[in-house]
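K.L.:
Just to be clear, the model below is a prediction. Sequence and coordinates:
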Amino acid sequence: MGFGKYDPQQVEQKWQKNWDESRCFEVEVDPSRPKYYVLEMFPYPSGKIHMGHVRNYSIGDVVARYKRMRGMNVLHPMGWDAFGLPAENAAIKNKTHPAAWTYANIAEMRTQLRRLGYSYDWRREIATCRPEYYKWEQQFFLKLLEKGLVYRKNSPVNWCEGCTTVLANEQVEEGRCWRCDGEVEQKQLEQWFLRITAYAEQLIDDLKLLDGSWPERVITMQQNWIGKSVGAQLRFQVKGLDQTIEVFTTRPDTLCGATFMSLAAEHPMVETLIKGRPEAEGVRAFCRDVANMDRIRRGADDLEKEGVFTGAYCVNPLTGQDMPIHVANFVLMGYGTGAVMAVPAHDQRDFEFAKKYDLPMQVVIQPKGETLDLSTMTAAYVDPGVLVHSGQFDGLDNQAAKGTIIEHLAQNNLAQATVNYRLRDWGISRQRFWGAPIPVVHCAACGIVPVPDDQLPVRLPEDAQARADGRSPLPMLESFVNTACPKCGGPGKRETDTMDTFMESSWYFMRYTSARKDDGPFDPLALKYWMPVDQYIGGIEHAILHLLYSRFYVKALRDCGYTELSEPFQNLLTQGMVLKDGAKMSKSKGNVVDPNSMIERYGADATRLFILFASPPEKDLEWSDAGIEGAYRFLNRVWRLAEELAAAGALKAVGPCVPVSELTQEPGELSSAAKDLRRKEHDSVRKVTRAMENKFQFNTAIAALMELVNEMYTLKDGLKGSPQGAAVLSSALSTVLTLLSPVAPHLCEELWSHMGHREQLATLSWPGYDESALAQDEIELVVQVNGKVRGRLMVPASADQEAVRQVAMTHENVLRHLEGKSIRKLIVVPGKLVNVVAG
């Protein structure tokens, strides 16, 4: 009896319902079993999934299903990174509450993800905008405040007028907002910060724990962002003032070559230096212009160097020479002290600046055996050498002299050895509504007072109306703002800033371990059992922001007593983008492929199969209509193969890689065709298993299964007529379905049930292969004459080298190419080739 035409929608709905009813993906803590926690970075509920989502979540689902079949207790959850500006902007546009828009989008996207058949434990679903989630985030904030890891200060901030909020440095790209692409300006505001810099050394040291399990590129990006530098803090006396300028440098060996000072436009001493000077107004105007520049652009090597003289001077602590003090556009307040001792002969930025403004230069490092001439130098000399024009340090190797110079300056109270980091504290204040409220009260009598634990969560008001101008309604909402001081009982005002949404994504993976616990953020036993995440999957664009913040957050929670964990993610896979016509999919480019339309046309299994087969997971994937059609044809081919075997009565309820003793009751050995198919079957298990274990090379695994299906089509007509052949074919088909099931689970479950199996494929074990089944009776050898292929021959696999030589020398074409030549050497490479060297 036939199965009928392959109908992906009917098959997929059937098995999704079956999995839900059997609850086969729900898991609990089980110390008797090895755990495996696989997690894809959770999505923002924008309303529709895109092909990038499909790729990310399909990769994770294959890993989850594979590890489950390998006997692991697999946790595979899903949730929603639900706070953020798009919901607020949509609420403004539609005159509704952001919650309504967000929850409607969550419902839509949940339906879309379910249609793809992902093996999530949906009981653990979270949405970060729910009070039962951000309640614990508020508790964490207060614990960190108690430990001195949260503080508030007046600070220059990146202000996006379009989004009417503050942006972290990392959220400013080329001077524009990462979200709306609007121009970013600088403002002074009271802001809340997390003291991530207190963990800078741990964050950089613990990257060693991730070596080999995280992409090297991501580790390098984090190292560079943290930016550890070992050097010295120097003090330069300002002429005419009882003040010094503090400078951090990694090059104390060049101090005698420092001929001027460069300050950041935001440096707090600028006003003091220019007070009463004729240069004051010009300096202030320059500082205003520079302060509004993109900070990343200001630090770029190709930035045109510009500056202005303050009229003030400082004194070089080694040479005693006066150094003019300038404000320069390439000096950043966010690194070191915001002051740079300029050594133009040995620093390219300083060299360009000095050339432009005709400032003095002094060579203090000469390459060995050469003499630098300032009049002919076209670039700074930045390589090692010997110190010159450096007083008592002349003749020393410049690298060796660093410590000696620091020690000399320290004895005179002019310097101290120190370590500096590029990393700045994390600004978490946002002047928007749709975010977790910061749980403090401002009291005129008591100052800033934490909200008591038993009053958490501080809820976002449900009656707030989004403002047309984009500003947060919270400051104007008296029912929210006005409250009693928790300390003195007097009138108080709630904090109206909300938290950066990266706060929610920095711990959500821990909440999944006990998502429904209502008397704590997580169950300690569940947290200890499931964490760390064994395999984390997401885009390279999160290499700094999300991953660095999550690493910090876990360490901070550890120090607050919540966990013993130091690193959240054991292994990291950064999947490539999905491209079309060579570019990232976007509406503006008109190259978006809608996953829903692909599922409607080809089914979820074909969509998953194509996106996993088209490219290794870490590489970019070029969308191809022909590719998904090819994936659909392959699944139809598997379907028709099973249907043909069933119609011939050759479909048996046997498992994958069945032992020979169970394949047939007939006397004698397996036929040659049966041996060939069995060998291919076991070889396919070996190849697919190795591909899965080797950084999840799904495309290699799928290619091996396609080869096995091809072999079945080649051999089926000669096998399906006998009980032995039917058993061998059924075993091979079982292997195809079992190995393919993590990729195309619906079709495989359906055909598995048609074979007569009652258990779900999703709950079965991964098959093993038999080495003896891989052995061949005969092998093909290539015969070369002087390096060129002249023939091929079949020999018994057990043939020794002498027997191989004798057979090779009987090959007609080989003999033809040896006519008139003498054999000088005959080389046998066992199992591969015979090479005859003749002349």
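P.N.:
Received the coordinates, thanks.

K.L.:
any idea how far the residue nearest to residue 823 when sequence neighbours are not counted is from residue 708?
P.N.:
Closest residue to residue 823 apart from its sequence neighbours, by C-beta to C-beta, 6 or more residues apart in numbering: residue 838 at 5.1 Å. Glycine gets a C-beta too; all of them are placed from N, C-alpha and C. Here residue 838 is placed at a distance of 41 Å from residue 708 (C-beta to C-beta, to the nearest Å).

K.L.:
By mean pLDDT, which helix or strand of the chain comes out lowest?
P.N.:
Least confident element among the helices and strands of the chain, by mean pLDDT, DSSP states H and E: helix 295-298 (a mean of 65).

K.L.:
which element follows that one toward the C-terminus?
P.N.:
Using DSSP states H and E, the helix or strand that follows helix 295-298 towards the C-terminus is strand 307-315.

K.L.:
quick one, strands of the stretch 251-400 of the chain?
P.N.:
Secondary structure of the stretch 251-400 of the chain (DSSP state E, counting those that start in this stretch): strands located at 260-263, 307-315, 322-328, 339-342, 365-366, 386-387.

K.L.:
and residue 417, which of those strands is closest to it?
P.N.:
Across the strands of the stretch 251-400 of the chain, residue 417 has its closest neighbour in strand 339-342 (16.1 Å, C-beta to C-beta).

K.L.:
Any buried residues in that closest one, and which?
P.N.:
Neighbour-count burial for strand 339-342 flags 339-342 (criterion: 16 or more other C-beta atoms under 10 Å).

K.L.:
can you check stretch 638-649 too?
P.N.:
By neighbour count with 16+ other C-beta under 10 Å, stretch 638-649 contains the buried residues 638-639, 641-646, 648.

K.L.:
do the same with stretch 145-159
P.N.:
The neighbour-count check on stretch 145-159 (16+ other C-beta under 10 Å) flags 145, 149-150, 152, 155, 157-159 as buried.

K.L.:
Then stretch 301-321?
P.N.:
305-319.

K.L.:
re earlier: and which of the buried residues of stretch 145-159 is nearest residue 69?
P.N.:
Using C-beta to C-beta, the buried residues of stretch 145-159 come closest to residue 69 at residue 149, 42.9 Å.

K.L.:
thinking again about what came up before, what's the farthest-apart pair in the buried residues of stretch 301-321?
P.N.:
The most widely separated members of these are 306 and 318, with 28.4 Å between them, by C-beta to C-beta.

K.L.:
returning to what we had before: would JSON lines of the buried residues of stretch 638-649 with pLDDT be doable?
P.N.:
Shown next, in JSON lines, are the buried residues of stretch 638-649 (pLDDT from 0 to 100):
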{"residue": "638", "pLDDT": "98"}
{"residue": "639", "pLDDT": "98"}
{"residue": "641", "pLDDT": "97"}
{"residue": "642", "pLDDT": "97"}
{"residue": "643", "pLDDT": "96"}
{"residue": "644", "pLDDT": "96"}
{"residue": "645", "pLDDT": "96"}
{"residue": "646", "pLDDT": "96"}
{"residue": "648", "pLDDT": "95"}
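
K.L.:
Cheers, nothing more for now.
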